[in-house]
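Trainee: starting from these lines, generate the structure:
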Amino acid sequence: MIIVGMGNPGEKFKNTRHNAGFTAIDFFAQKNNFPDFELSKKYASLISEKNNVILAKPQTFMNESGLAVKKIVSNVKGQMSDVVIVHDDIDLPIGKLKIAQDSGSGGHKGVNSIIEILGTKDFIRFKIGICPEKGKPKSVETFVIKKFTNEEQEMINSAIAKTAEALDFFIKNGLEKTMNAYN
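Mentor: Predicted coordinates:
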């Protein structure tokens, strides 16, 4: 199984809304005692592996995430149906988790890159809501690369913990039971 946390590389983007996927994967890895992430040029990602689960944080920018995901899937000879993508979602209220499979990008450019480059949308998505309570901002591109407010940070921390819990549940119980339990 391959679990990919989406985000932009570099300190500048650490703890921004668009990096919710990175944050969730980091939390999951720490909670489950995965080894430290190491840069793999072959995968164009930071990688941690344990018990047949590969955690990946692409080191391409978000809009080119498909390049890294393709390298990972090709090199481990996996199927896209074995891939879980964890990412932010501006169309979900902040703190909400939604699990989906075989759906479109919803305007998320990183997810769109994966769909276009791999030629399929047949993968599982754990979507973490980042839309503020006051509604979707006019400039989404600017909004997603900003850090959370203190109030939002509390809500996102709860969502990150729930995402890690749902990933654990998914690994043990499969997609259908996980969707029933967490959607």
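
Trainee: what is the mean pLDDT for the longest helix along the chain?
Mentor: Criterion DSSP state H: the longest helix present in the chain is helix 150-173. Helix 150-173 shows a mean pLDDT of 96.

Trainee: now swap in stretch 15-32 and tell me
Mentor: 96.

Trainee: how far off centre is it?
Mentor: 8 Å (CA atoms, centre = their mean, to the nearest Å).

Trainee: buried ones in that stretch?
Mentor: Residues of stretch 15-32 classed as buried by neighbour count (16 or more other CB atoms under 10 Å): 16-29, 32. (Glycine included, C-beta is placed from N, CA and C.)

Trainee: now, which of those lie within helices?
Mentor: Those of the buried residues of stretch 15-32 mapping onto helices are A20, G21, F22, T23, A24, I25, D26, F27, F28, A29, per DSSP H.

Trainee: can you pull the contacts of the third one?
Mentor: Put plainly, it is F22. Under the criterion of CB atoms under 8 Å, 6 or more residues apart in numbering, the contact list for F22 reads G5, M6, G7, K14, K57.

Trainee: could you rerun that using 6 Å?
Mentor: Counting by CB atoms under 6 Å, 6 or more residues apart in numbering, F22 touches G5, G7, K57.

Trainee: got those as TSV, with distance to A159 columns?
Mentor: What follows is the contacts of F22, written out as TSV (distance: CB to CB, whole Å):
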residue	distance to A159
G5	13
G7	15
K57	18
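
Trainee: need the contact partners of the longest helix of the chain.
Mentor: By CB under 6 Å, 6+ apart, the surrounding residues in contact with helix 150-173 are 23-24, 27-28, 31, 94-95, 97, 126, 128, 148, 178, 182.

Trainee: need the next SSE after it, C-terminal direction.
Mentor: helix 175-182 (DSSP states H and E).

Trainee: could you export that following helix as CSV, CA atoms only?
Mentor: What follows is helix 175-182, C-alpha atoms only, in CSV (Å, rounded to 0.1, in the frame of the first residue of the first chain):
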residue,chain,number,x,y,z
LEU,A,175,-12.2,1.0,2.2
GLU,A,176,-15.9,0.2,2.6
LYS,A,177,-15.8,-0.1,6.4
THR,A,178,-13.6,3.0,6.7
MET,A,179,-16.0,5.1,4.6
ASN,A,180,-19.0,3.9,6.7
ALA,A,181,-17.1,4.7,9.9
TYR,A,182,-15.6,8.1,8.9
